[in-house]
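Colleague: Any chance you could fold what I've pasted below:
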Amino acid sequence: MTMTLSMRMTTLLGVVIAVAALLALPTSVEAQRMSHGGGRGGGSRGGGGAQARPSGGNRAPSARPSTQPSRPSTQRSRPSTGSSQRPTINGPNPNSPSRGGNATPSTRPTGNQGSAGNRPSTGGGAGNRPSGGGGNTINIDNSRNTTVVRNTNVRYNRPPYTYGGYHYYAHRPYYYHPYHPYAYGPAWHPWGYLAVRLATTAIIVSVASQQYHYDSGVYYVSSSGGYTVVQAPVGATVTTIPSTAEPVVINQTTNNYYYGGAFYEKSDSGYTVVPPTAGTIVENLPEGGEEVKIGDQTYVKFGETYYQPTQQDGKDVYEVVDVEKE
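Modeller: Numbers count the residues shown, from 1 in each chain. Coordinates of the predicted model:
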């Protein structure tokens with residue numbers, strides 16, 4: 001009897017334990033499942049609560065951190081292509097005349113380092129400029145003004161220099177020195193110079209039906225835009241010549257005067273322009289000549305007149321050359 005009661009109590013205890021185990025099983029399984037699910041869906045591993053992030057379709061893309069590391073941009077920042085920020089080739093200075101830069105015509109320096117309105121003239125004086133020949137038609141044959149006259153009273157003791165089919169006669173030996181134009185003063189201008197106006201001291205001189213204006217050793221003819229300087233016309237007679245005119249010896253009985261490329265013969269009526277005489281020595285040559293290389297010698301040429309550089313009493317001078325064809 002006692003054995004049977006003990007066995008029944010044991011069986012009943014086992015049933016109670018089994019029922020209790022069955023009742024506790026769903027709670028454990030659910031707790032375990034929730035534990036694993038929270039680890040995947042939480043906002044951060046090892047954390048929960050407010051930091052848990054929704055899983056599945058409820059995830060907010062904006063709250064999801066990027067899984068890729070931040071990559072630096074491979075494109076460099078380009079400066080604007082606008083002219084205000086684009087660097088020039090020669091630097092940022094906008095006033096520099098750089099190729100493709102920002103310099104404007106008003107700031108870009110010119111070749112003459114000045115504006116056209118302030119371009120200096122070759123002869124000085126406001127309102128005067130050298131004539132470029134544009135629009136000016138002056139039909140004056142002045143070739144005879146520079147044709148050398150041979151002095152028949154003087155014989156050459158030296159043989160001529162011969163080159164290119166021509167003889168170049170000179171009394172003195174050739175001695176080269178550079179051609180430096182002599183400045184005769186602000187009132188003198190070279191051939192071809194254009195003056196807008198003339199001084200009140202200018203006078204009118206007529207030669208061979210051609211009218212000239214003369215002032216301070218310079219001869220002008222009317223032209224488009226003003227008055228153009230020309231060679232002194234042979235035969236023109238004026239009452240005065242500049243006081244700086246130098247006397248030149250033609251022969252033992254004739255003394256002429258020379259000024260600014262023109263030769264004058266004194267007479268009772270004044271000073272008459274004459275052509276240059278071969279063998280005449282002058283100390284200075286004005287602006288307007290050009291050095292001409294003839295063989296091994298260099299001459300200074302004015303019109304048709306050749307001047308040979310030489311020396312006299314140790315001083316650099318020029319001799320009028322007599323040129324004759326072989």
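
Colleague: which residues of this structure fall in helices?
Modeller: Counting by DSSP state H, the chain has helices at residues 2-41.

Colleague: Let's test this: name the helix or strand in it with the lowest mean pLDDT.
Modeller: Ranked by mean pLDDT, DSSP states H and E, the weakest helix or strand in the chain is strand 128-130, scoring a mean of 48.

Colleague: can you list contacts of the longest strand belonging to the chain?
Modeller: As assigned by DSSP state E, the longest strand anywhere in the chain is strand 305-312. Contact partners of strand 305-312, identified using C-beta atoms under 8 Å, 6 or more residues apart in numbering, comprise 146-148, 168, 170, 172-177, 179, 276, 281-282, 285, 289, 292, 297-301, 316-321, 323. (Each C-beta comes from the backbone N, C-alpha and C, glycine too.)

Colleague: List only buried entries from those residues.
Modeller: 146, 148, 168, 170, 172, 174, 179, 276, 281-282, 285, 289, 297-301, 317-321, 323 (16 or more other C-beta atoms under 10 Å).

Colleague: now residue 233: how far from residue 301?
Modeller: Per C-beta to C-beta, to the nearest Å, residue 233 is found 20 Å from residue 301.

Colleague: Residue 195 now?
Modeller: On the measure of C-beta to C-beta, residue 195 and residue 301 end up 25 Å apart.

Colleague: same check, this time on residue 271
Modeller: Applying C-beta to C-beta, the value for residue 271 to residue 301 is 25 Å.

Colleague: again with residue 209
Modeller: From residue 209 to residue 301 the distance is 29 Å (C-beta to C-beta).

Colleague: Contact partners for residue 161?
Modeller: By C-beta under 8 Å, 6+ apart, the contact list for residue 161 reads 167-168, 170, 174, 294-295, 297.

Colleague: what's the closest of those residues to residue 200?
Modeller: Closest approach to residue 200 among these (C-beta to C-beta): residue 170, at 43.1 Å.

Colleague: any idea how far residue 227 is from that closest one?
Modeller: Using C-beta to C-beta, residue 170 is found at 36 Å from residue 227.

Colleague: Excluding chain neighbours, what is closest to residue 193?
Modeller: Leaving aside its sequence neighbours, residue 193 sits nearest to residue 229 (C-beta to C-beta, 6 or more residues apart in numbering; 4.3 Å).

Colleague: Check whether the one you found really touches residue 218, as I assumed.
Modeller: Yes - if you go by C-beta atoms under 8 Å, residue 229 and residue 218 touch, sitting 5.8 Å apart.

Colleague: Return every residue with contacts to both of these two.
Modeller: Between them, residue 229 and residue 218 share the contacting residues residue 189, judged by C-beta under 8 Å, 6+ apart.

Colleague: Measure how buried residue 260 is and give me the count.
Modeller: Residue 260: 27 surrounding residues under other C-beta atoms under 10 Å.

Colleague: Next up, the contacts around it.
Modeller: Here residue 260 is in contact with 184, 188, 217-218, 232, 242, 286 (criterion: C-beta under 8 Å, 6+ apart).

Colleague: make it 10 Å
Modeller: Contact partners of residue 260, counting by C-beta atoms under 10 Å, 6 or more residues apart in numbering, are 182, 184-185, 187-191, 216-219, 229, 232, 241-242, 244-245, 284-288.

Colleague: before we move on, what about residue 176?
Modeller: By C-beta under 10 Å, 6+ apart, residue 176 lies in contact with 291, 296-299, 308-310, 316.

Colleague: before we move on, could you check phi and psi at it?
Modeller: With angles defined as degrees, to the nearest 10, residue 176 sits at phi -70, psi 140.

Colleague: ok, it to residue 288 distance?
Modeller: As judged by C-beta to C-beta, residue 176 and residue 288 stand 20 Å apart.

Colleague: burial measure for the closest residue to residue 191 other than its chain neighbours, as a count.
Modeller: Nearest non-adjacent residue to residue 191, counting by C-beta to C-beta, 6+ apart: residue 288, 5.1 Å away. By other C-beta under 10 Å, the residues close to residue 288 number 18.

Colleague: Isn't residue 288 up against residue 192?
Modeller: Yes - counting by C-beta atoms under 10 Å, residue 288 touches residue 192, with 7.5 Å between them.

Colleague: Contacts only, for residue 205.
Modeller: Residues counted as contacts of residue 205 (C-beta under 10 Å, 6+ apart) are 211-214, 219, 232-233, 235-238, 273.

Colleague: swap in residue 257?
Modeller: Residues near residue 257 by C-beta under 10 Å, 6+ apart: 241-242, 245-248, 263-266, 271, 274.
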